[in-house]
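Enquirer: From the sequence below, what's the structure:
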Amino acid sequence: MEFVVGTAIALVALGVSWAAFVWQKRGGSFKRLHYTAYYELLMLQRGEEAIDSLISGPISVNLEPSGRRLALPMVFELRLANTGKAPILQSDFASPLTIRFGSHCNFVGGSMEVNRGSIAEFFGEDPFELGDGCLRIKPFLMNAGDEVTLSGILNGPVDDDGIEVSGRIAGVETFSRLKPKGTGIRLTAQVRSMLFERMEDWPGIGRIQAKAIVMRKFLPLDEIAPGATEGHISTRVNGTPVHDMHVAAFTLEAVSGGTTDAAQGSITFETTESTLVNNEVELDGVKLSEQRARHLISWSAKKVTIRTGRIRYGQNLVVRFITEGGMEDLRVTRMPSCITDVQIMRMKIIEDPLGRNLLEMQPRFLLFSQRAHRKFNTGMPRLKNLSRRTREFTRKILHGD
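Expert: This is a model prediction of the structure:
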């Protein structure tokens, strides 16, 4: 009996191995193409207010040297790879390969990288054509293992279906979109005291609880937006270019009662390496006019003073600045007795957000021949189920479970 069972298992395993061998052998000639695409809003802050600030000001992203303002700047990265065993020839293309962004989204600039050789060897001269909401690539040779990465700036919202690739290629007939495992940008928050080196030395909360938060306004252009370092892209506030733009917010909350001398009850923050560009002041969630704001704060390009003595119990004051530079040297130069500590939080981007999301995408067949598509969706599931049942049967025989 054991001999019969062992022989049956061996025959099943041999059949599965033979089927897999035939599958691989036939698949060796299949033309197969993968693509992954990911995009993000260039601004780190999200929500309606952030979008409104791009559309109506004061924040803007501009193309240089024309100064053209982008309504909704997006950054994207798309990777295209020949994962089959056969080359895709220029003669295989019946039409250009089309990268479609959206009906209201246009490609405004970018760069291309290849994993071997030069771009000219891949595409020749003048390979791209701009269309409404899309970018077309003229027919080109793509050998097995070749990869092309396109990154750059878009203007306008990407369609709900995301960035899609389409075209007519001989032997490549099935197109579908690949979704990443997760979207968004990962940030890490680093919190420390501006006055005390060790956490165990942090004192109790005084009458006014003070905090500072610093984060980038945009994704790092030098890494993502091609040509940014050469001045092809600028970020502006009220029409004035501001490099390395950050947001610095100072929050002061009166958590207990008590009195403070209004003339002396002030806290002052200073920086030498960065510049304070403009600000807005909110009291209990209501944006204050410039005149009312001057009652609570005074500021210059390198210094801001907040009059804590004028903050009543239960009130929450937020002073938000656009800065040029990350204010790494920010320090407290004056502090009233009603504040016992100031904690600062810095938001840092973890890794390259575009490349990270591309790496997290699950590999799939995206573009491949009709025969490969049929085999993959009919034959392979049966082989997988047969292999699974064989393993379960073997486990029952060997372990009795």
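Enquirer: Give the helix, strand or coil label for residue 49.
Expert: helix (DSSP: H, G, I helix; E, B strand; the rest coil).
Enquirer: Any regions of the stretch 151-300 of the chain where pLDDT drops low?
Expert: 171-184, 221-231, 258-264 (pLDDT under 70).
Enquirer: now swap in the stretch 301-401 of the chain and tell me
Expert: Using pLDDT under 70, the stretch 301-401 of the chain drops low at 351-401.
Enquirer: how about the helices in the chain?
Expert: 2-27, 48-56, 119-123, 221-224, 290-296, 353-360, 370-374, 380-399 (DSSP state H).
Enquirer: mean confidence score for the longest one?
Expert: Which is helix 2-27. Averaged across helix 2-27, pLDDT comes to 48.
Enquirer: Contact partners for the closest residue to residue 276 other than its chain neighbours?
Expert: Leaving aside its sequence neighbours, residue 276 sits nearest to residue 321 (Cβ to Cβ, 6 or more residues apart in numbering; 5.0 Å). Just so you know, the C-beta spots here come from the backbone N, C-alpha and C atoms, and that holds for glycine as well. By Cβ atoms under 8 Å, 6 or more residues apart in numbering, residue 321 lies in contact with 247-250, 276-279, 299, 304.
Enquirer: Count the neighbours of residue 156 for me.
Expert: 19 (other Cβ atoms under 10 Å).
Enquirer: what sits against it?
Expert: Per Cβ under 8 Å, 6+ apart, neighbours of residue 156: 71-72, 74, 101-102, 104-106.
Enquirer: could you measure it against residue 166, distance?
Expert: To residue 166, residue 156 is 19 Å away according to Cβ to Cβ, to the nearest Å.
Enquirer: How about residue 56?
Expert: 35 Å.
Enquirer: then stretch 57-66 to CSV, C-alphas only?
Expert: Only the C-alpha atoms of stretch 57-66 are listed here, as CSV (Å, rounded to 0.1, in the frame of the first residue of the first chain):
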residue,chain,number,x,y,z
GLY,A,57,-2.4,82.1,-4.0
PRO,A,58,-0.3,83.1,-2.2
ILE,A,59,1.6,79.8,-2.9
SER,A,60,2.5,78.9,-6.5
VAL,A,61,4.7,76.6,-8.5
ASN,A,62,6.0,78.1,-11.8
LEU,A,63,7.8,77.0,-14.9
GLU,A,64,10.9,79.0,-15.6
PRO,A,65,11.9,81.1,-17.4
SER,A,66,8.4,81.7,-18.7
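Enquirer: what about residue 64, how many neighbours?
Expert: 14.
Enquirer: do you know how far it is from residue 82?
Expert: 36 Å.
Enquirer: And residue 129, by the same measure?
Expert: 22 Å.
Enquirer: Look at these two and report which has more neighbours.
Expert: Set residue 129 next to residue 82 and count neighbours by other Cβ under 10 Å: residue 82 wins out with 22 against 12.
Enquirer: for the more buried one, what are its contacts?
Expert: 31-33, 88, 142-147.
Enquirer: Who is it paired with across the strands?
Expert: residue 33 (DSSP bridges).
Enquirer: Compute the number of surrounding residues for residue 83.
Expert: For residue 83, using other Cβ under 10 Å, the count is 19.
Enquirer: Actually, residue 43.
Expert: Residues near residue 43, counting by other Cβ under 10 Å: 21.
Enquirer: mind listing what it touches?
Expert: 50, 54, 59, 73, 217-219.
Enquirer: Give me the PyMOL select line for the residues you listed, limited to the buried ones.
Expert: Buried residues within the contacts of residue 43, by 16 or more other Cβ atoms under 10 Å, are selected in PyMOL with:
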select buried, resi 54+59+73+217+218+219
